[in-house]
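Q: What would the 3D arrangement of this be:
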Amino acid sequence: MTTLTQGHSSEEIRHGLPIEYDLPIATRPDIPDMRDGINIWFFEENGEFGVPRLAIDAVGDSWDAAGIGCNIVFPDGRVLEGDKGVPAISPLDDEGKPTIRGSTALRFRCIEPFRKWHMSYDDEIVDTTIDDQIACEIDRTKTARIRIEIDIEYRIPVWAQIFADDDDSLIAGWMGRGWRYETPVLVSGTFEIDGKQRAFRGTGNLIRRKSRRSTYLDFPGHVWHSAIFPDGRAFGLNVYPPKDGVLYYNTGFIYKDGTYHDAKVVEVQWLGELAKDGDDCSIVLESALGRTHITGVSLLSTYKPSNRNGSMGGLNLHQGGVRFTWDDQTAIGVVERSSFVPAPSDASAAWTRSVSD
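A: Numbers count the residues shown, from 1 in each chain. Below is the predicted model:
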């Protein structure tokens with residue numbers, strides 16, 4: 001697979017962002033809604049398990065209590081959830097440098113900005129199934145102990161979205177005023193569950209942000225995909241449903257032969273009925289390369305339905321994996337989709353407090 005350093009300058013690798021931007025914020029921000037967050041999605045190379053989102057966020061107005069989000073899923077439909085608030089730990093390492101964004105349960109440590117991170121996770125989390133998620137019948141007294149330790153290595157330059165502090169558009173409010181990047185990664189490490197530990201390798205996507213994500217009011221839903229393939233080609237997209245016949249927000253990229261190409265979504269599969277696995281997630285992207293057709297079938301899915309105590313504010317949320325095929329290349333990549341359904345009138349307030357990438 002293509003390595004990160006081949007044919008790219010340091011500035012290209014980090015999308016022009018200053019190298020120190022990747023380091024965690026060292027002290028509580030003066031801005032209450034400023035968020036310093038990092039999350040990773042990854043999938044065992046043979047599809048034996050997936051982690052469609054393992055995240056930590058530190059927010060200015062609750063700086064000492066980190067927000068944790070976790071999904072772990074297996075092909076038989078077993079799902080583990082770990083969404084909670086836990087005490088934060090210092091961002092300073094043994095040398096006094098701000099390299100850590102962590103808590104008592106989940107910790108990310110920057111080894112080399114825009115190139116390598118290390119992550120450790122040790123927690124007791126809810127043990128359920130995709131059927132119970134869809135039915136909103138989760139027994140939260142049933143739990144399992146999870147331990148994950150991984151090294152994370154970037155494969156291509158990051159793809160960044162940047163919104164100015166004074167941008168008052170809804171898009172900026174939803175995505176976050178400040179900056180966000182994502183990048184395909186390779187992961188390797190150990191995973192322990194049910195008292196048994198195994199070594200593994202996989203691919204995934206790492207997301208880093210420092211931004212003011214101020215609202216989800218009127219959020220229309222979305223589709224987000226990303227994947228990297230064995231020969232080093234990759235793609236990503238983020239698209240919102242149509243408004244007046246035009247896709248409300250439509251951005252993406254194709255990375256091929258060491259070059260980034262801006263792309264637009266031509267075809268995408270919106271979230272409909274909540275299906276376990278095997279849902280069509282095929283896409284068509286248009287770029288300077290022409291139209292690129294990538295087929296996809298969902299696997300290792302998790303759901304947060306709109307009627308789970310009104311917490312999704314009228315949106316069904318799908319987070320999981322997709323087995324993508326692009327010409328002769330196959331890879332497991334990311335899917336996150338949300339779609340609007342009728343919800344209680346008081347649900348939008350709860351939705352503004354949720355965390356999702």
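Q: Poorly predicted segments of this protein, please.
A: 1-3, 5, 214-217, 307-313, 341-357 (pLDDT under 70).
Q: residue farthest from the centroid of it?
A: Distance from the C-alpha centroid of the chain peaks at residue 95, with 29.8 Å (C-alpha atoms, centre = their mean).
Q: Secondary structure element for residue 12, which one?
A: Assigned by DSSP states H and E, residue 12 belongs to helix 10-13.
Q: Oops, could you answer that again for residue 248 instead?
A: Using DSSP H and E, residue 248 falls in strand 246-256.
Q: Can I get the helix or strand just after that strand in CSV? Just the C-alpha atoms.
A: On the C-terminal side of strand 246-256, the closest following helix or strand by DSSP H and E is strand 259-267. Taking C-alpha atoms only, strand 259-267 is exported to CSV below (Å, rounded to 0.1, in the frame of the first residue of the first chain):
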residue,chain,number,x,y,z
THR,A,259,-3.1,12.8,-6.3
TYR,A,260,-6.2,14.3,-4.7
HIS,A,261,-9.2,15.1,-6.9
ASP,A,262,-12.1,17.1,-5.6
ALA,A,263,-15.3,15.2,-6.2
LYS,A,264,-19.1,15.7,-6.1
VAL,A,265,-21.7,13.0,-5.3
VAL,A,266,-23.8,12.0,-8.3
GLU,A,267,-25.5,8.9,-6.7
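Q: measure the residue farthest from the centre of the chain to residue 146 for me?
A: From residue 95 across to residue 146, the span is 30 Å (C-beta to C-beta, to the nearest Å). In short, each C-beta sits where N, CA and C put it, glycine included.
Q: Ok, residue 118 next?
A: Look at residue 118 and residue 146: by C-beta to C-beta, they are 17 Å apart.
Q: The two: who's more crowded?
A: residue 146 (22 against 16; other C-beta atoms under 10 Å).
Q: got the contact list for the more buried one?
A: Counting by C-beta atoms under 8 Å, 6 or more residues apart in numbering, residue 146 touches 70, 72, 80, 82, 121, 122, 123, 124, 125, 192, 193.
Q: Mark which of these are buried, thanks.
A: 70, 72, 80, 82, 121, 123, 125, 193 (16 or more other C-beta atoms under 10 Å).
Q: Name the residues of whichever helix or strand the first one is part of that are buried.
A: Using DSSP H and E, the element containing residue 70 is strand 65-73. Judged by neighbour count (16+ other C-beta under 10 Å), strand 65-73 contains these buried residues: 66, 67, 68, 69, 70, 71, 72, 73.
Q: Reformat those into a markdown table and put distance to residue 246 next to each item.
A: Output for the buried residues of strand 65-73, formatted as a markdown table (distance: C-beta to C-beta, whole Å):
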| residue | distance to residue 246 |
| --- | --- |
| 66 | 39 |
| 67 | 34 |
| 68 | 37 |
| 69 | 32 |
| 70 | 36 |
| 71 | 32 |
| 72 | 38 |
| 73 | 35 |
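Q: Which one of those residues is nearest to residue 248?
A: Minimum distance to residue 248 across these is 25.0 Å, recorded for residue 69 (C-beta to C-beta).
Q: wait, that closest one sits on residue 82?
A: Yes. Using C-beta atoms under 8 Å, residue 69 is in contact with residue 82, at 7.3 Å.
Q: before we move on, back to that, wait, a strand at the residue farthest from the centre of the chain?
A: No. Counting by DSSP: H, G, I helix; E, B strand; the rest coil, residue 95 falls outside a strand, being coil.
Q: List the contacts of it.
A: Per C-beta under 8 Å, 6+ apart, neighbours of residue 95: none.
Q: now it: how far from residue 322?
A: 40 Å.
Q: go on, residue 253?
A: 17 Å.
Q: Compare the two and say which one has the larger neighbour count.
A: More crowded of residue 253 and residue 322, by other C-beta under 10 Å: residue 322, with 28 against 19.
Q: which residues sit in contact with the more buried one?
A: Contact partners of residue 322, counting by C-beta under 8 Å, 6+ apart, are 225, 227, 281, 296, 297, 298, 299, 332, 333, 334, 335.
Q: what residues are up against the second one?
A: The reference is to residue 227. So residue 227 contacts 184, 203, 234, 235, 236, 322, 324, 331, 332, 333, 334 (C-beta under 8 Å, 6+ apart).
Q: Make TSV out of these and add secondary structure and distance to residue 58.
A: Below are the contacts of residue 227 laid out as TSV (DSSP: H, G, I helix; E, B strand; the rest coil; distance: C-beta to C-beta, whole Å):
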residue	secondary structure	distance to residue 58
184	strand	25
203	strand	27
234	strand	29
235	strand	30
236	strand	25
322	strand	30
324	strand	33
331	strand	32
332	strand	30
333	strand	28
334	strand	23
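Q: Pull out the buried residues from stretch 35-52.
A: 35-44, 49-52.
Q: Out of the residues you listed, which sit inside strands?
A: 35-44, 50-52 (DSSP state E).
Q: Mind putting those into CSV with distance to residue 139?
A: Output for these, formatted as CSV (distance: C-beta to C-beta, whole Å):
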residue, distance to residue 139
35, 32
36, 34
37, 29
38, 30
39, 26
40, 27
41, 26
42, 27
43, 26
44, 26
50, 22
51, 22
52, 21
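Q: closest to residue 272 among those?
A: Out of these, the member with the shortest distance to residue 272 (by C-beta to C-beta) is residue 52, at 18.7 Å.
Q: if we can go back for a sec, can you put the contacts of residue 146 in CSV and add secondary structure and distance to residue 207?
A: Shown next, in CSV, are the contacts of residue 146 (three-state DSSP; distance: C-beta to C-beta, whole Å):
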residue, secondary structure, distance to residue 207
70, strand, 14
72, strand, 17
80, strand, 20
82, coil, 17
121, strand, 16
122, strand, 22
123, strand, 20
124, strand, 25
125, strand, 21
192, strand, 25
193, strand, 24
